[in-house]
Every structure is written in structure tokens, then in C-alpha cells.
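Trainee: just coords:
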DNA sequence: ACCTGAACACCGTTCAAGT
DNA sequence: ACCTGAACACCGTTCAAGT
């Protein structure tokens, strides 16, 4: 009659993006165990089989989510760099707090990112590259602090891994509820997010 | 005829323990996504429905596994205490290394322990108590180091959480492969397990 | 008490068939 | 090219029925 779309739309062209968006939502709402391709298909309004046109596998869709997660992480660390551009120690702390915040904003995605997802070969290199880009941002902050003479002269990789491990641990304990249970009542969890990394920082500073 | 067991054994009485043991094995072999009650039942040799006599739910079986994991963690920290009984700083490092080793011995179980498993109310308090017992062991080491005048006088809970977070992070990065990829080639991963915690330790020592 | 088979609603995945 | 329904082997869970 008028401009209404045909009832049978065989090509809507945005299926992949729509599926990933719906997956990011459903993941946080229902947990990783209850994320199914069939539910996603229903939400997006296609048959339960349509996703296989864009993902070889459920695990490939999950790998795409993980990649998105690492890209968000990189962006968050970049944003943190603008807060205290002249103080490299504060810069490292800001990046750590940003890491923890990203993790608690999407806890299930964060879990998926480090959950031993056995990604297939093709996607694996892509996902690992995204993870490496986030790692490199931390690495560069440490390297900067060393050339400025603010940080100790330990092996940069080891220092970066220690910093990563600490904020990762804080994020995980935060998300699994063990930190909130334990945090001294007067200190808000947000305060712990900066205090705990600062304890490691003391060991890294000259 | 002779002493052979009856073909229909309705009461074999060890079903719960057998299921948990088989679950611990299957979990590491096939990953968390492929652990099913039906497979466990087949392995143990009962009908797919028998587990419901001992577990209200699949999630209750998983909660039992998590509890076992925390008990192993406590035992490992205890064992670490016997290595350097007179040096509290080494004691803390030994406990940290033990934590990382336990995690890498049963990576999937470790993941399950911190994987946001939504445990039902009844089991929840039991699981949390087991987690608290492991936490308390770390707490006591920190407290000891403070009374001995070896550690700084920060809030003990915060120091304990920082130590927990760091070793937890190292364990997770280890298990997800990000640490092994990054570790300086000359340093064995086992060396990183002690080096990284020692960097935090520097920030905690007086 | 403990175990069983049948049944239900849900999965992931494949495939021949439609436009 | 893109989408569909039917079909398969697997799940968790429930329930009436067996000893």
C-alpha cells in the first residue's frame, strides 16, 4: 500500500551487529550460562538458524564479544590518560581504576574475557591482538615512568604484568562479591579501587 | 553364585562422593560448559536422574565443587606456612605462590570459584564460610608481619585484599594464557609466580 | 530410601528447501 | 545471498512407578 516494509525481509543487513548488541545485553542480564543463540534469534526477530550466516559457531560469537570487551578496555585506559597527563604515577593509578571500573560495568563480559574460552584458531589471533593492544597501553605507562626516573628499573614486562595482575585481581574480587564483603565499612569500594593499586605502586616507585 | 554383587544395586551409598569426584575430573577435562549431570551419571553408572537424590540442583553440585576448591586453597596455604616458619615476608610469598599453584593445578575449578556462580541461599553461607577461612589465613600472616614490625601499618584488611588481588590476578592471567605469552623468555613462569608478588611485597614492607 | 524410564521444554547444529 | 522449518542428539528437570 504505502511505504511499509515487505512482510518477508530477507535482507536486513544488520544482523551481525544486532546479534552482538543483543548478546552484550543478554549476557549481563542472564549470565553466561543462559545465553543461547536461539534466544538471541528470537530477540532480534529471525529464525533460530539465521545466526549461522554470520558466525560459524556459538563460540565465534562469544569470541567477538571478547574482542569488543578488550577494545572497550583499551578505550577506557586511553581516557584515563587524560586525567593527570603530567604525573605518570597518577596516570598508572587512573588506568588501573579505569580497568576496574570497566570490569564492574560489564562483569559477565569481563569474566568471559578471561574465562578460558577456547577460541577457534581463526578468531584467536584477532582476539589476542585486541588483548595485546590493551596490554601495550599499560606497558607504555610503565616504560614512561622508568624513563622519567619515577619508577624503579625492574624489567618492564614484569612490572606491567604485576600491575595488570593486581587490578585484574581487584576487579575479579569486586565482581565475585568477596571484596565488598570484606571492605572496611568506612571505606567505599570505590576508594578501595585506588587504595589497593597504590600499595603496589609504592613497591614500584623509586 | 559367589560373592559377586547383585546386579541391581539400589543402595551403593557413595553416590554423592562419586559424583563430586567424577565432576572434578570431568570439569578439568571438558571445561565448565561441557559438564553435564547426565554425563556424570553415565560415568558413575547410575541413571541420569539419580543425582537429584543428593543435589537439589545442578547448581548445588557446582557449589559443592567450589567449596572443595576453597578447602584445598586453605590446605595449600597452611602447607606453605611450614616452608619458612621464621620469616614472615617469605611466609607471605610462599602462601602467594601456593595460591597460584593451586589455581593452575585445577584451572577450571578455580574459574568456577570466582565465576559469579549464583549459589542458592542454603549453600551460599557454607561456600562463603569456606572462602572466608582461606582469606583469614592470609589475614593472619599480614597481621603477624605487622606485630613483628616487618610490615607497614596500613589497615590490615586492605593489605590482605591487595595481596589476595595480586596473586589472584597472576593466577588468572596465568590460566588464561596471557602471562605465559608475555613472560620474558628467560624467566620461567614459575619464577614470575614469585617475582610479581614480591613487587607488591616491597610496597608492604617497612 | 533409593533408583528407574518416560516425558517436557530447552539447547547447538545440520540440511534440504524456499525467495 | 539470505532466510526458513524439520530433524537430530543433547541438555536440566519433573514425576509416576518400581524395589
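Mentor: All right, it came through fine. Nothing here was measured: the structure is a model prediction, and the numbers come from that model. Numbering: from 1, shown residues only, chains lettered A, B, ... in the order given.

Trainee: any idea how far residue A:67 is from residue B:28?
Mentor: Separation of residue A:67 from residue B:28 (C-beta to C-beta, to the nearest Å) stands at 26 Å. The way it works is simple: take the backbone N, C-alpha and C, and place the C-beta from them, glycine included.

Trainee: Compare those two (neighbour count), which wins?
Mentor: A count of neighbours by other C-beta atoms under 10 Å in any protein chain shown puts residue A:67 above the other of residue A:67 and residue B:28, at 20 against 15.

Trainee: Where does that one fall, secondary structure wise?
Mentor: Assigned by DSSP states H and E, residue A:67 falls within helix A:58-80.

Trainee: List the contacts of residue A:142.
Mentor: A:92, A:151, A:156, A:159-160, A:163, A:204 (C-beta atoms under 8 Å, 6 or more residues apart in numbering or on different chains).

Trainee: Need the three-state assignment for it.
Mentor: Taking DSSP: H, G, I helix; E, B strand; the rest coil as the rule, one finds residue A:142 in the helix state.

Trainee: pretty sure residue A:162 belongs to a helix, no?
Mentor: Yes. Checked against three-state DSSP, residue A:162 lies within a helix.

Trainee: Am I right that it is in contact with residue B:201?
Mentor: No. Using C-beta atoms under 8 Å, residue A:162 makes no contact with residue B:201, being 10.6 Å away.

Trainee: coming back round to it: among the contacts of residue A:142, which pair sits farthest apart?
Mentor: A:92 and A:156 (12.5 Å; C-beta to C-beta).

Trainee: and those two? which has more neighbours close in?
Mentor: residue A:92 (30 against 16).

Trainee: How about residue A:55, nearest residue that isn't a chain neighbour?
Mentor: Once flanking residues are discounted, residue A:55 sits nearest to residue A:61: 4.5 Å by C-beta to C-beta, 6 or more residues apart in numbering or on different chains.

Trainee: count of neighbours near the one you found?
Mentor: With other C-beta under 10 Å as criterion, residue A:61 counts 20.

Trainee: before we move on, what about residue A:147?
Mentor: Around residue A:147 there are 9 residues (other C-beta under 10 Å).

Trainee: Phi first, then psi, for it.
Mentor: Main-chain torsions, residue A:147, degrees, to the nearest 10: phi -70, psi -30.

Trainee: From residue A:19, how far out is the residue nearest to residue A:159 when sequence neighbours are not counted?
Mentor: Spatial nearest neighbour of residue A:159, excluding adjacent residues (C-beta to C-beta, 6+ apart): residue A:142 at 4.9 Å. Relative to residue A:19, residue A:142 is positioned 38 Å away (C-beta to C-beta).

Trainee: one step back: does any bit of the helix holding residue A:67 sit next to DNA strand C?
Mentor: Yes. Using C-beta under 7 Å from any atom of the strand, helix A:58-80 reaches DNA strand C at A:58-59.

Trainee: residues touching the residue most central in space within chain A, list them.
Mentor: Residue closest to the mean C-alpha point of chain A, counted by C-alpha atoms, centre = their mean, is residue A:69 at 3.8 Å. Taking C-beta under 8 Å, 6+ apart as the criterion, residue A:69 is in contact with A:106, A:109-110, A:112-113.

Trainee: Mind putting these into CSV with neighbour count and pLDDT?
Mentor: Listed next are these as CSV, based on neighbours: other C-beta atoms under 10 Å in any protein chain shown; pLDDT from 0 to 100:
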residue, neighbour count, pLDDT
A:106, 19, 96
A:109, 22, 96
A:110, 25, 95
A:112, 20, 93
A:113, 24, 94
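
Trainee: just those now: which is nearest residue A:192?
Mentor: The nearest one, if we look at the contacts of residue A:69 relative to residue A:192 and count by C-beta to C-beta, is residue A:110, at 17.2 Å.

Trainee: What is the burial count for the closest residue to that closest one other than its chain neighbours?
Mentor: Closest residue to residue A:110 apart from its sequence neighbours, by C-beta to C-beta, 6+ apart: residue A:103 at 4.2 Å. Burial measure for residue A:103: 24 neighbouring residues, criterion other C-beta under 10 Å.

Trainee: Sticking with residue A:103, tell me its helix or strand.
Mentor: Per DSSP H and E: helix A:88-105 holds residue A:103.

Trainee: Would you mind checking the average pLDDT for that helix?
Mentor: In this model, helix A:88-105 has an average pLDDT of 96.

Trainee: other SSEs contacting that helix?
Mentor: Applying 3 or more C-beta pairs under 8 Å, 6 or more residues apart in numbering or on different chains; DSSP states H and E, we find helix A:88-105 packed against helix A:58-80, helix A:107-113, helix A:121-147, helix A:156-175, helix A:189-204.

Trainee: Tell me which residues are up against the lowest-mean-pLDDT helix or strand in chain A.
Mentor: Least confident helix or strand of chain A, by mean pLDDT, DSSP states H and E, is helix A:178-182 with a mean of 78. For helix A:178-182, the surrounding residues in contact (C-beta under 8 Å, 6+ apart) are A:170, A:173-174, A:189, A:192, B:114, B:128, B:131, B:135, B:157, B:160-161, B:164-165.

Trainee: got CSV for the residues you listed, with pLDDT and neighbour count too?
Mentor: Supplementary listing: the contacts of helix A:178-182 in CSV, determined by pLDDT from 0 to 100; neighbours: other C-beta atoms under 10 Å in any protein chain shown:
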residue, pLDDT, neighbour count
A:170, 97, 31
A:173, 92, 25
A:174, 91, 24
A:189, 77, 13
A:192, 93, 24
B:114, 92, 24
B:128, 90, 18
B:131, 93, 23
B:135, 95, 23
B:157, 94, 18
B:160, 96, 22
B:161, 96, 29
B:164, 97, 25
B:165, 97, 29
